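**Q** Just need the structure, nothing else, for what follows:
(chains A and B, ligands or ions: 2)
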Amino acid sequence: MSNVSIKAEAAPRPRSGTSNRAIVGWVLHNVVWIWLAILVVFFGLFNSFFFTVFNFQNIMVQATVLGMLATAVALPLLVAEIDLSIPANLGFSSAVGALAVTDYGAPWWLGALFGIAVATAIGFFNGLCITRLRMVSLIQTLSMMIILQGALLALTQGKTITSLPEGYTWIGQATIDGWPIMPLVFVVALIFMAVLLRRTVLGRSIYAVGGNAAAANSAGIRVDRTKIVAFTIAGFLAGIGGFLLASWQMAITSNQGSSFLLYAIAAPIIGGVSVFGGRGNVVGVFGGVMLLTVIQVGLAIIAVPSFYVGMIGGVMIFIAVAIDAIRVRYFQ
Amino acid sequence: MQHMTVGNAGTADADILRIANLTKTYGRFSALKSVSLSVRRGSIHGLLGENGAGKSTLVGMISGQRQPTSGTITLNGIEVQGHDVKEMEKAGVFLVTQEPMIIDHMSVAENLLLGIWPRKGWLIDWKRLRRDAARMLQDTDIDPGQRAGTLDAVARRKLNILRAMFSGGRVVILDEPTASLDVEARQQLFAFMRRLKAEGVTFIFISHYNDEILEICDAVSVLRDGELAGGSDDVGEMTSDMLSELVLGRGLSLFQRQRRTFGADEAAIVVEGVRARNVAVDAFRIHPGEIVGFAGLPGAGAKEFARCLFGLVHAKDGTMRLEPNSPAVKLPGHPFEAYRRGIAFLSDDRRKDGLVGHLSIGANMSLSSLPALSRRGFVDVEAEREIISRYFAGMGVKAPNPEVAIDTLSGGNQQKVCLGRVLATEPKLLILDEPTRGIDVGVKQDVHRIIDELSGQGVAVIVVTTDSDEMIRLVDRVCVFSAGSIVGELTGEAISKDRLRQISG
Ligand SMILES: Nc1ncnc2c1ncn2[C@@H]1O[C@H](COP(=O)(O)OP(=O)(O)OP(=O)(O)O)[C@@H](O)[C@H]1O
Ligand SMILES: [Mg+2]
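**A** Ligands and ions are numbered 1, 2, ... in the order given. Got it, this is the predicted structure:
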C-alpha cells in the first residue's frame, strides 16, 4: 500500500535559530533609522556643534523643502509611475506666484495660492497625459521637467526674483521662542499623507493600483482616476514646497528647485518606497528625508572640503540603498 | 550528507528520484515536515492533498525553485543540494508552476523557449526558434508570433505545459496543469504524457481531481498538513472515495443542488443585443435565485460574454435590466459601475487580475467593498475588520491571521480570498469564472454550498466552468455557447457528463 521509503539516518541540517533571524529581520527593517542614528553619533563626535539645539533646528528647516518634495515624489511611485518634473514644478510655480505679487501687485497670499494652484494644475495635466494619452510617465515627466525649467528661465530672464513682500516671506522666517515654524508645514503634510494612505478609500486604491493595476481594475477601482489624483496631489505638495523655499530663501533663482531632483527621488526610495509601486509608507519617507538631510548638514559641519561632499554623500546613499536591497532579498 | 550514499544499486535504478526527510519551514511555520518518498523511473506519480498541504512547496524544492530547510533530494542516485532552477533543468527536471509564468510583452514563441532558446554561437537562432515554436503549437490554435499578454488563461497555461513537454527533460513536474483546461485540452495533455512516458519520461502530476489521478497516474502520494498521509504504488487498487478520505482524513459528502426551474413570467434580469469582439448574444435571462452555467469551447464566447456583463470587456452594444420594472440601461462600462449596480465578477486568472500579491489577505478581501465600507472617502475600519473576519472564517482560509501577505498563501487559499472579496460586496448578480479553480475536494463542496445558499437568498449566479462535475452538481440550467452566441440550453436531466462532453470536446 505504501511506497514510502524512509532513510532514517539522514541527519537534519543545522538551522540558524529563529530568534537570531528575528533580530536580523528587525535590523534590516529599520535600517534607515539605524543608519541615521549611526551618522548622527558620527558627526557629533567629529564636531559637538552637531548636537546643539540650533543645529537641530537647522536640520529641521533644511528637511522641510526636501520633505515636501519627497512626499510628492512618493505618490506617483506608489501607483507604479514616476514624476521627474516635481522639483522643476516647485521652481516654476513659485516663480509664477511670486511674479504675480511683484509685477502685478497681487496681495502676497493670493500670489502664494496662485503658485500652488499652478503647481496642482501641472500635476493634474501630467496625470491626464499618463492615463488618457497612455504616455510613459518617465519620458512624459522628463519632458515636462525640461519645459518647466526652460519656462522658469524665460520667466525670470535669468535674473533672481528678490523683493518679495514681508507677508510672503513670513512663514520662512518666523520663529516662536527661537523655533522656526516652517517645519510644522512638513509635519502637517506627513500627517495628511499618513491619514490619506491608511484611512481613505483613495489611499487603499493607490496601494492596490500600484501593486497590480489589472487586479485593482477588476476589483472595481478606477485605475486612471486614482493615478490622476496621485499626480495632482503630488503637484499640490510641490506647489507648497515652492512657496516655502521661496519664503525661506527670500529669493527665487532662475534654476530654483533643480538641485533637489536627485535627492527628492532618492529620499522616498531609501525610505522603502518601491519603484515598482504599491509599497512604502510615510514613516519611511520621513526617515529617508532625515537621512539625506543629516548627511548634507553633517558633511558641511565637519568641514569636509567641498570637492568631496558630493562624492561622500553619494557613497552614504549608496550604502543605504545596498542595505535595503539586502533586506528585500533576505525576506524573499 | 555522508549517510546518503546509495546503498542498493537495484532500487536506485528503479527510482529516478528519492526524497528523504525533506522539511521546509517559513519562520515558525512548517510547510513540509520530514517527508520521504520515491518516484519510479518512467512512471506518472500523482500528488494529492488539501490546499496548503505542501504540494507546491515539495515540487518547488525538487525543481530548485526553493531550498529545503533540511533533508535530501537524490536524482539518479546523485544528491542534488543547493541546485537552482537552471541547474535542475540542466539535470533534466522541469517544473510547470501552478500559476502561469508568462512574460507578457514577449511573443508566444519566445515564451515557449524561454531560457532554452536555440543558439547560433552567441546569438539566438531566431529562425529555428520560430520553427520549433510552430512545431510545438501545431495541435493548438495559438499563433507563435502573438504577444503572450493577449492570451487568455487557458492558452497561458498551455504555453508553460508545452515548454516543459518539449524540453527533453527526463522528469517533468506538472503543478495543477488541468485547472481551467477544457476537456479537449485535458485529453490532449494526457495523450501527450502517455506518449512521453512510453519514451521513459517520468512525471509528477498534481491535481485536485481524483478522476484524473485515477486515469493517468501509476502511483500516488497524499500530503496532509505537510506530512505524508499515505499513498500507493498501484493506483489500480484505489478508488475516488479512498483518495478523498486520504486527502481529508475523513469521508467526503458530495454536494448536489436541488435543481430549480423558473417560469418565463417570473421576474428576471434581462440582457439584450450584446455585441462585442467575439460576442453576439441577442437575449439572455437569469432569475434571482437561479444558477446558470456557461459552457462551450474556449473562444466560443462564454468567458467573453461574462466579462461584457461586468464591464471588463467593452461592449459596442447591449442593454440590461436588473429589476423587472426599471428601464433597460447600457451594459456597465467599467467594473466600478458594475459593482455599483450589484454585479460582481471573479476572474479565472487570479495572478493576472484577481489579487494584489503583496497586500494582506484583509486588504484584498475588502478591496471591492470599500465604497460600501466608507463614509465621505474614509474607510470605516471597524466595519472593514468585521467583514474581513467574517469572510476569512467563512471561506476557511488557512493562514495565521488576515494580516498575512496573500503572496505567501497556497494557490487554493488565494482563490478562497478572491472569492471572499467578490462575495463581500453582496451582489445581486454574481459572475464566477472557474470559481473552484485549484480548490481542494473538501473546500470545493463548501464553496458549492455557499453559492447554493446565496442563490437561496435571491442572488442570480452565473458560473463559467470547464469542470463538468461542478456543472452537473451546481447549476439549474446550462447555456451553450458557440461562435459568440448562445446556441442552446440544457435543463434537468439533460445536464449530464455525456452532453457536456459533446459540447466542449
Ligand atoms: N513564502 C511563504 N511564506 C510563508 N508561508 C508560505 C510561503 N509559501 C508557502 N507558505 C505556506 O506553506 C503551506 C504550503 O503551501 P503550498 O503552496 O505548498 O500548498 P499546496 O499544497 O500547493 O496547496 P494548493 O493546493 O492550494 O496549491 C501553506 O500553508 C502556505 O501558506
Ligand atoms: Mg499549490
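
**Q** hmm, which helix or strand of chain B has the shakiest average pLDDT?
**A** One helix or strand of chain B scores below all others by mean pLDDT, DSSP states H and E: helix B:9-14, with a mean of 55.

**Q** Quick one: name the residues of the stretch 101-250 of chain A near chain B.
**A** Proximity of the stretch 101-250 of chain A to chain B (C-beta under 8 Å from any C-beta of the partner chain) is limited to residues A:199-202, A:204-205, A:207-208, A:211-212, A:214-222. In short, each C-beta sits where N, CA and C put it, glycine included.

**Q** mind listing which of those residues are in strands?
**A** Using DSSP state E, no member of these falls in strands.

**Q** Which members of those are classed as buried?
**A** Buried subset of those (neighbour count, 16 or more other C-beta atoms under 10 Å in any protein chain shown): A:199-202, A:204-205, A:207-208, A:211-212, A:214-222.

**Q** how about stretch A:149-169: buried residues?
**A** A:149, A:152-153, A:155-156, A:161, A:164, A:168-169.

**Q** Then stretch B:105-123?
**A** Buried-residue list, stretch B:105-123, by 16+ other C-beta under 10 Å: B:107-114, B:116-117.

**Q** same check, this time on stretch B:163-180
**A** The neighbour-count check on stretch B:163-180 (16+ other C-beta under 10 Å) flags B:163-167, B:169-180 as buried.

**Q** Pull the distance from stretch A:269-282 to the chain's centre.
**A** Mean-position distance between stretch A:269-282 and its chain equals 10 Å (C-alpha atoms, centre = their mean, to the nearest Å).

**Q** cool, stretch A:194-211 as well?
**A** Relative to its chain's centre, stretch A:194-211 lies at 17 Å (C-alpha atoms, centre = their mean).

**Q** Give the rounded mean pLDDT of that stretch.
**A** Across stretch A:194-211, pLDDT averages out at 96.

**Q** For that stretch, list the C-alpha coordinates in PDB.
**A** Output in PDB follows, covering the C-alpha atoms of stretch A:194-211 (Å, rounded to 0.1, in the frame of the first residue of the first chain):
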ATOM      1  CA  ALA A 194      -0.500  59.200   6.500                       C
ATOM      2  CA  VAL A 195      -4.200  59.600   7.000                       C
ATOM      3  CA  LEU A 196      -4.800  59.700   3.300                       C
ATOM      4  CA  LEU A 197      -2.800  56.500   2.700                       C
ATOM      5  CA  ARG A 198      -4.100  54.500   5.600                       C
ATOM      6  CA  ARG A 199      -7.600  55.600   6.200                       C
ATOM      7  CA  THR A 200      -9.200  56.600   3.000                       C
ATOM      8  CA  VAL A 201     -10.600  54.700   0.000                       C
ATOM      9  CA  LEU A 202      -8.200  56.700  -2.200                       C
ATOM     10  CA  GLY A 203      -5.200  55.500  -0.200                       C
ATOM     11  CA  ARG A 204      -6.200  51.900  -0.400                       C
ATOM     12  CA  SER A 205      -6.800  52.400  -4.100                       C
ATOM     13  CA  ILE A 206      -3.300  53.800  -4.500                       C
ATOM     14  CA  TYR A 207      -1.700  50.800  -3.000                       C
ATOM     15  CA  ALA A 208      -3.900  48.400  -5.000                       C
ATOM     16  CA  VAL A 209      -3.300  50.200  -8.300                       C
ATOM     17  CA  GLY A 210       0.500  50.200  -7.600                       C
ATOM     18  CA  GLY A 211       0.500  46.600  -6.600                       C
END
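
**Q** ok, residues contacting that stretch?
**A** The contact list for stretch A:194-211, computed with C-beta atoms under 8 Å, 6 or more residues apart in numbering or on different chains, reads A:75, A:77-80, A:215-216, A:219, A:221-223, A:226-227, A:229-230, A:233, A:274, A:276-279, A:281-283, B:356-359, B:363, B:366-367, B:370-371, B:374, B:377-379, B:381.

**Q** If any of those residues are buried, put those into a PyMOL selection.
**A** For the buried members of the contacts of stretch A:194-211, the matching PyMOL selection, counting by 16+ other C-beta under 10 Å, is:
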select buried, (chain A and resi 75+77+78+79+80+215+216+219+221+222+223+226+227+229+230+233+274+277+278+279+281+282) or (chain B and resi 356+357+358+359+363+366+367+370+374+379)
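
**Q** Of the contacts of stretch A:194-211, which ones also sit close to ligand 2?
**A** Among the contacts of stretch A:194-211, none lies close to ligand 2 by the criterion of C-beta under 5 Å from the ion.

**Q** Can you flag which of the contacts of stretch A:194-211 belong to helices?
**A** A:75, A:77-78, A:215-216, A:223, A:226-227, A:229-230, A:233, A:282-283, B:363, B:366, B:381 (DSSP state H).

**Q** In which helix or strand does the closest residue to ligand 2 within chain B reside?
**A** Distances between chain B and ligand 2 by C-beta to the ion are smallest at residue B:56, namely 3.1 Å. According to DSSP states H and E, residue B:56 maps onto helix B:55-62.

**Q** After that helix, which helix or strand is next? Please name it.
**A** Remark: after helix B:55-62, the chain's next helix or strand is strand B:70-75, criterion DSSP H and E.

**Q** So which residues make contact with stretch B:156-163?
**A** Defining contact as C-beta under 8 Å, 6+ apart, one finds that stretch B:156-163 is touched by B:94, B:96-97, B:100-102, B:108, B:111-114, B:116, B:136-137, B:140, B:142, B:148, B:151, B:174, B:177, B:179-181, B:185, B:189, B:349.

**Q** which residue does the stretch 51-200 of chain A bring closest to ligand 1?
**A** Proximity of the stretch 51-200 of chain A to ligand 1 (C-beta to the nearest ligand atom) peaks at residue A:80, 22.5 Å away.

**Q** thinking again about what came up before, in helices only, show me the buried residues of stretch B:163-180.
**A** Short answer: those in helices (DSSP H) are B:163-165.
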